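**Q** sequence and computational prediction follow.
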Amino acid sequence: MTAYFPCVTFGQIAEILDEGQTSCALGSFLYMFMGPALCTCWVLGANYRSKLREKYNLVEAPAEDWVLHLFCSCCALCQEFRELQNRGIDPSLGWMGHLAQKQEARTVPPQTQSMSA
C-alpha cells in the first residue's frame, strides 16, 4: 500500500496521532498535494514522525526525522505504521475504529466465567 499510495498510509498515521482531529482523507490530501506542488511532503512526514517519537518516548534513530522522510519516505512511513501496530493500534481502522476496538476489548466477558448457580 505504502509503495503505491504513501499518502494513504500517511493519512492513517496522522489520524491516529492527532486522535481524530485530522481525518485520514485530509491527511492523505495534504500529503498527496504537498509533494508535487511544493516538494515538501517530507516536512509534513517528519513533523508527524516527531509527534510519534514524543508520544511514545522513542529515540531519533537511525537518523533525524527529516532525513528519513526526505530520502526514504516510504520506509519511514512503514516504520511508523508498524510502531503503532506493535503498540496495539491498527491505523487502518482510523481513530473511531481504534476507539471502538478498545471499547469492545473492555466489554468482552472472560471466557472462564459462567452464570450457573
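**A** Yes, it's here. Quantities reported herein were computed from a predicted structural model and do not represent experimental measurements.

**Q** figure out how far stretch 43-62 is from the centre of its chain.
**A** Relative to its chain's centre, stretch 43-62 lies at 11 Å (Cα atoms, centre = their mean, to the nearest Å).

**Q** quick one: residues in contact with that stretch.
**A** 10, 13-14, 17, 30-31, 34, 65-66, 68-70, 73, 76-77, 80, 83-84, 87 (Cβ atoms under 8 Å, 6 or more residues apart in numbering). Using the backbone N, CA and C atoms, a C-beta is placed for each residue, glycine as well.

**Q** check which residues of that stretch are buried.
**A** 44, 45, 46, 48, 49, 50, 51, 52, 53 (16 or more other Cβ atoms under 10 Å).

**Q** filter the contacts of stretch 43-62 to the buried ones?
**A** 10, 13-14, 17, 30-31, 34, 65-66, 68-70, 73, 76-77, 80, 83-84.

**Q** those in helices, which ones?
**A** 10, 13-14, 17, 30-31, 34, 65-66, 68-70, 73, 76-77, 80, 83-84 (DSSP state H).

**Q** low-confidence ranges in this protein?
**A** Along the chain, the parts satisfying pLDDT under 70 run over 35-38, 107-117.

**Q** same thing but at 90, please
**A** Residues of the chain that meet the criterion pLDDT under 90 lie in 1, 30, 32-43, 61-62, 70, 73, 97-117.

**Q** which residue is nearest the middle of it?
**A** By Cα atoms, centre = their mean, the chain has its centre lying nearest to residue 13, at 2.1 Å.

**Q** just the C-alphas of the helix or strand containing residue 54, formatted as CSV.
**A** Residue 54 belongs to helix 41-56 when elements are defined using DSSP states H and E. The C-alpha trace of helix 41-56 is given here as CSV (Å, rounded to 0.1, in the frame of the first residue of the first chain):
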residue,chain,number,x,y,z
CYS,A,41,5.7,16.3,1.8
TRP,A,42,8.9,15.2,3.7
VAL,A,43,8.4,18.2,6.1
LEU,A,44,4.9,17.0,6.9
GLY,A,45,6.1,13.4,7.3
ALA,A,46,9.0,14.4,9.6
ASN,A,47,6.6,16.5,11.7
TYR,A,48,4.4,13.5,12.4
ARG,A,49,7.3,11.2,12.9
SER,A,50,8.4,13.7,15.6
LYS,A,51,4.9,13.5,17.2
LEU,A,52,5.1,9.8,17.3
ARG,A,53,8.5,9.8,18.9
GLU,A,54,7.4,12.3,21.6
LYS,A,55,4.2,10.4,22.3
TYR,A,56,6.0,7.1,22.9
